[in-house]
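1. Build the 3D model from these lines:
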Amino acid sequence: MKQKRTYSTTYKIYRRLRFLRYKKRIIKKRIKEQIKKEKRERRLQEQEAKRKLKLQKELERKQERLRRRREKEELALEREQLQMLPQEEESKPAFVLKKTAVNKEEEEKEQLEYKKRLEEQRRIERENIRKQKEKEKKLKQFNRKRRRRLLKVFVKRSLLHFWIGLRSLTPVKVKDAIKRMFGVPEDREKKRNYYAIMLNSLSMFLLSYFLIFILGQLIRILVSMNFDYKLILFYNKLYFDISVDAWTMDAVKILFSIIPLTGILLSAIFILLYSMYSEKGTLIRLFYLWGAVHGVNAMFGALFFGTLLEQGFGWVISYMYYMDTGKMVYSFIGLFALVALGSLLAKSFYSSAQHYFGYIDAKNKKYFVNSQIVAPMIIGTIIIILMKIPSDFYFETIDEMWFDILKSMGVFIVLIPMIGMIKSFGPMYFADMDEEPRITIEKKLFLATFGLIIFLRLALHAGIHIG
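-> Model (predicted):
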């Protein structure tokens, strides 16, 4: 006899959750269909009511036209009778003519009184309208003054609360606020694991960024030599030590598009290596993911902010002589590409938890996302922004500095849809583990990353003259 197949408890729970999710999806679908049906019926009823109202209005207009025509005919007939009246009055006796004259005078008096009443009524209506407008104007002025007073009170209270909160701040409160913002757990073992995951991911985040930055600058230097330009390489930028007249259209298009093109090319290579790498659950795959984020941001972040601020890659768009509408289209293309990247890479970042966990569910999802994605991205971006601040503004304008800072913050545009997509993911199982593996900090990787940052900051502080 064939034995009945048995399943593990975890698999049964997983199947049950899948069934509940399917059932919930079916119920939602039915509710949506019912709502659509009701909306359709309501729309048909409104259309029928509009049609009937239109027909009724047309009928009323026809009746009004007929009434006016009838009145015109009657008026014409009365005029004809009045024209014939003198001939008839000659043949009438004197007392009849006297009576007719009295009636005419009374009718004229009534018409004059009616005209006076009508004019008085119109004058009263105009006066009422004027008073109503004055009343509305006074009410608007009162509401405007009231809003200003309330705004002043709100600003004063907000500043007062902010000042009280600022004065009551202590190092312990600041530390607790930062922990709550990054979701650091209270348990000692979980806290140690949280910091280990965060530092490993932070190292990969910074290492992948500086790899793209250094390669882009090296390629830019090699290409600049063909134009015989004098260069000064700093830790935050490449300064062209030439006059404004030395720039040509080809030089601007080529030199300011090298780093974005290098970034998008390396991003494609990183995504390809991520899909080809056989050993799953290793940190090198996380390095590829962060590299893809930085590469796409180097291209489309520079496109989005460059066209808005007319800096960096925006000079290339400007030298193509596009109108403002065309520049706005390019800005939206850059923004859409960053949002699309966050949505596409959400699943890959979510599955990178297999390096530390056997499964990920609602219990450890927030813990993992904060430690692996959110905290490294925020801290790493702050470090990059600090590296973008020049030591001497002689070689860089404030607009260029703000462009570099905003471009570095373009990764947050990728983060928003990524977090939204990850929240919608269900549990994911990677391997059966009796107990979670011990999570350690990759010390060599951490020291190499921050050693590279310190070396770049110190070695390129004064700048290296090239050419």
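2. pLDDT averaged over stretch 116-129, what's the number?
-> In this model, stretch 116-129 has a mean pLDDT of 83.
3. C-alpha coordinates for that stretch, CSV please?
-> What follows is stretch 116-129 as a C-alpha-only set of coordinates in CSV (Å, rounded to 0.1, in the frame of the first residue of the first chain):
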residue,chain,number,x,y,z
LYS,A,116,-41.2,102.7,-10.5
ARG,A,117,-41.7,99.5,-8.5
LEU,A,118,-39.5,97.6,-10.8
GLU,A,119,-36.7,100.2,-10.6
GLU,A,120,-37.0,100.3,-6.8
GLN,A,121,-36.8,96.5,-6.7
ARG,A,122,-33.7,96.4,-8.9
ARG,A,123,-32.1,99.2,-6.8
ILE,A,124,-32.8,97.1,-3.6
GLU,A,125,-31.3,94.0,-5.3
ARG,A,126,-28.2,95.9,-6.3
GLU,A,127,-27.8,97.3,-2.8
ASN,A,128,-28.2,93.8,-1.4
ILE,A,129,-25.5,92.4,-3.7
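4. Now do it: everything it contacts.
-> Taking Cβ atoms under 8 Å, 6 or more residues apart in numbering as the criterion, no residue outside stretch 116-129 touches it. All C-beta spots, glycine's among them, are computed from the backbone N, C-alpha and C.
5. And it, how far out from the chain middle?
-> The chain centroid and the centroid of stretch 116-129 are separated by 54 Å under Cα atoms, centre = their mean, to the nearest Å.
6. let's number from 223 now, not from 1
-> I'll keep to 223 as the first residue from here, and by that count the last item is stretch 338-351.
7. In it, which residues are buried?
-> For stretch 338-351, burial by neighbour count (16 or more other Cβ atoms under 10 Å) applies to no residue.
8. Kindly report the same for stretch 591-609.
-> Of all the residues in stretch 591-609, those buried under the rule 16+ other Cβ under 10 Å are 591-603, 605-606, 609.
9. Likewise for stretch 619-638?
-> Using 16+ other Cβ under 10 Å as the test for burial, stretch 619-638 gives 622-623, 625-633, 635-637.
10. At which residues are the strands of the stretch 573-689 of the chain located?
-> Listed from the start of the chain, the stretch 573-689 of the chain has strands (DSSP state E, counting those that start in this stretch) covering 581-582, 650-651, 686-688.
11. out of those strands, deepest packed?
-> Between the strands of the stretch 573-689 of the chain, the one whose residues have the most neighbours on average, counting mean count of other Cβ atoms under 10 Å, is strand 581-582 (a mean of 21).
12. quick check, distance from that one to the centre of its chain.
-> The chain centroid and the centroid of strand 581-582 are separated by 31 Å under Cα atoms, centre = their mean.
13. tell me the pLDDT at Tyr229?
-> As summarised for this prediction, Tyr229 has a pLDDT of 67.
14. cool, Met521 as well?
-> Looking at Met521, its pLDDT stands at 90.
15. now do the one 4 residues further on
-> Residue-level confidence at Leu525 comes out at 88, pLDDT.
16. Surely it is in a helix?
-> Yes - note on Leu525: a helix contains this position according to DSSP: H, G, I helix; E, B strand; the rest coil.
17. The closest residue to it other than its chain neighbours: what's it in contact with?
-> In space, and not counting its chain neighbours, Leu525 is closest to Gly556: 3.7 Å by Cβ to Cβ, 6 or more residues apart in numbering. By Cβ under 8 Å, 6+ apart, the contact list for Gly556 reads 522-527, 529.
18. One more pass at 7 Å, please.
-> Residues counted as contacts of Gly556 (Cβ atoms under 7 Å, 6 or more residues apart in numbering) are 522-523, 525-526.
19. Which residue ranges make up each domain of the chain?
-> Here the domain parsing of the chain from automatic domain parsing is 259-304, 413-688.
20. Burial-wise, tell me which of those comes out on top.
-> Each of those was assessed for mean neighbour count using mean count of other Cβ under 10 Å. The highest is domain 413-688, with a mean of 17.
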